[in-house]
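J.: Just the structure for this:
(chains A and B)
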Amino acid sequence: MSEKAIVVNGETKTFAAAQFPATLLQLVQALALAPERLVAEVDGDVVRSDAFEYTPVQEGSKVELVQFVGGG
Amino acid sequence: MAPAVVYVNECAVPHLPGETADQLRARYKADADVVIANGYPVREPAGLVLQPGDRLVLIRRGETPDEDALRLMMVSRNTPGVRERLAGATVGIAGLGGLGSNLAAALVRIGIGRLILVDFDLVEPSNLNRQLYFTDQLGLSKTEATLANLRRVCPWADLAAHNVRLTPDNVPAIFRDADVVAECFDAADQKRMLAETVLSALPDTPLVAVSGIAGYGDANALRVRRCGRRLWVVGDGTTAAGPGMGLMAPRVLQAVGMQANTIVCILMNETEDATR
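T.: All right, here's what the predicted structure looks like:
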């Protein structure tokens, strides 16, 4: 069975080809993260939270997902 | 070739081969009882032979020098070579709570040229376990109280204060001239808004943010993580303030130190040091 990889926060994440996320929102959901707390970059470009759903990700994409929690 | 010089209280003077710190003290400020060479106090000035380009600061304890001398003496323990770079820098501070009130003081102390300070809130009693305010400042706006505190450290500091709530609409204009922005909010949704706005609307501005510094515990759990080209995040990324989980000076100040150090590394173009 073939696999596809994507780099998230510098770590390679591997998915079965059939389960590979098509969009940033699907990737975030697959990683069990809450989209409303995240700031995301895909291949160096910031993606606004309302655009996760329309932002494609591809094999080899470099994604940064930064989660913000309260306190300061 | 230019003649060799050493710097005494930041004034260039001729370098004479073999001359010691003690001889320079006798010539330029004989009553000085603190001698700092290249950022470090000298125990035995008679034994220190100056080399061309060395920087010597001569201070008489208990004396308040005039402003020009004081400005230079204040940063005489800074690492040599950072003064000009820091003095030319502008740092934006979004939020003047536990993080921002203390970060502003750290940056003023090391001689950052200009600070843009933003908060909409008032000083209240529950702030005092971690924020740099005093009981006689309760009820003042945080911008007003921070300006007063910073001016006690450094009366000539160039400070711009905005007593407003930051939104995606005003962030770009307020921080347009900042070389670096520090995210110093308390609420998670505000932190996220600022990061998204700075990264998308200010295309060249680095941001040093904080996430996950609540409570107390393992000091080594807090890290500085570089996330992409322009974003650094201090904290453990997960420990949120909430019911049963407080916010206290020890960890907040630890994060402030990591944030301030990262800002210096960014301004000095030595950002690898921030993430190692």
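
J.: switch to C-alpha atoms for all contacts and neighbour counts from now on
T.: Will do.

J.: Following the chain onward from the lowest-mean-pLDDT helix or strand in chain A, which element is next?
T.: Of all helical and strand segments in chain A, the minimum by mean pLDDT, DSSP states H and E falls on strand A:45-47, at a mean of 92. Remark: after strand A:45-47, the chain's next helix or strand is strand A:62-67, criterion DSSP states H and E.

J.: so where is the chain shaky, pLDDT-wise?
T.: Just going to use chain A. Low-confidence segments of chain A (pLDDT under 70): A:1.

J.: To clarify, I was referring to chain B.
T.: Ranges of chain B meeting pLDDT under 70: B:1, B:273-276.

J.: Pull out the buried residues from the least confident helix or strand of chain A.
T.: A:V46, A:V47 (16 or more other Cα atoms under 10 Å in any protein chain shown).

J.: That one near chain B anywhere?
T.: Yes: contact between strand A:45-47 and chain B, assessed by Cα under 8 Å from any Cα of the partner chain, occurs at A:V46.

J.: That strand - contacts with which helices or strands?
T.: Helices and strands touching strand A:45-47, by 3 or more Cα pairs under 8 Å, 6 or more residues apart in numbering or on different chains; DSSP states H and E, are strand A:38-42, helix B:188-201.

J.: Out of those, flag the one nearest B:L166.
T.: helix B:188-201 (8.1 Å; Cα to Cα).

J.: contacting residues around the very next helix or strand once past that closest one?
T.: Once the chain leaves helix B:188-201, the next helix or strand it forms, by DSSP H and E, is strand B:207-210. Residues outside strand B:207-210 that contact it (Cα atoms under 8 Å, 6 or more residues apart in numbering or on different chains): A:68, A:72, B:180-184, B:191, B:195, B:198-199, B:230-235, B:255, B:259, B:262-263.

J.: now stretch B:8-24
T.: B:3-7, B:28, B:35, B:45-52, B:55-58, B:69, B:72-73.

J.: hmm, 10 Å instead?
T.: Under the criterion Cα atoms under 10 Å, 6 or more residues apart in numbering or on different chains, residues B:3-7, B:25, B:27-30, B:35-37, B:42, B:44-59, B:68-70, B:72-73, B:76 lie in contact with stretch B:8-24.

J.: Any of these buried? List them.
T.: Buried residues within those, defined by neighbour count using 16+ other Cα under 10 Å: B:5-7, B:25, B:29, B:35-37, B:42, B:45, B:48, B:50-51, B:54-59, B:73, B:76.

J.: which residues in the stretch 101-250 of chain B form helices?
T.: Secondary structure of the stretch 101-250 of chain B (DSSP state H, counting those that start in this stretch): helices located at B:142-153, B:171-174, B:188-201, B:249-267.

J.: Export those as TSV, with columns for mean neighbour count and distance to chain A.
T.: Below are those laid out as TSV (neighbours: other Cα atoms under 10 Å in any protein chain shown; distance: least, Cα to the nearest Cα, whole Å):
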stretch	mean neighbour count	distance to chain A
helix B:142-153	19	15
helix B:171-174	16	15
helix B:188-201	22	4
helix B:249-267	21	7
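
J.: contacting residues for the residue nearest to the spatial centre of chain B?
T.: Nearest residue to the geometric centre of chain B (Cα atoms, centre = their mean): B:L107, 1.7 Å. Neighbouring residues of B:L107 by Cα under 10 Å, 6+ apart: B:L86, B:V91, B:G113, B:R114, B:L115, B:L150, B:A260, B:N261, B:I263, B:V264.

J.: which residues does the first one contact?
T.: If I follow you right, that is B:L86. Counted by Cα under 10 Å, 6+ apart, B:L86 has contacts B:L107, B:V108, B:I110, B:G111, B:I112, B:G113, B:R114, B:V264, B:L267, B:M268.

J.: helix or strand for it, which one?
T.: With DSSP H and E as criterion, B:L86 is part of helix B:83-87.

J.: Strand partners (parallel or antiparallel) of the helix or strand following that helix?
T.: Using DSSP H and E, the helix or strand that follows helix B:83-87 in sequence is strand B:90-94. Applying DSSP bridges, strand B:90-94 is found paired with strand B:114-118 (parallel), strand B:180-183 (parallel).

J.: what angle do the longest one and helix B:142-153 make?
T.: Using axes from the mean of the first three to the mean of the last three Cα atoms, to 10 degrees, the direction of strand B:114-118 lies 150 degrees away from that of helix B:142-153.

J.: For strand B:114-118, report the contacting residues that lie outside it.
T.: B:86-96, B:100-101, B:104, B:107-108, B:142-143, B:146-147, B:157-166, B:171, B:174-175, B:177-179, B:181, B:184.
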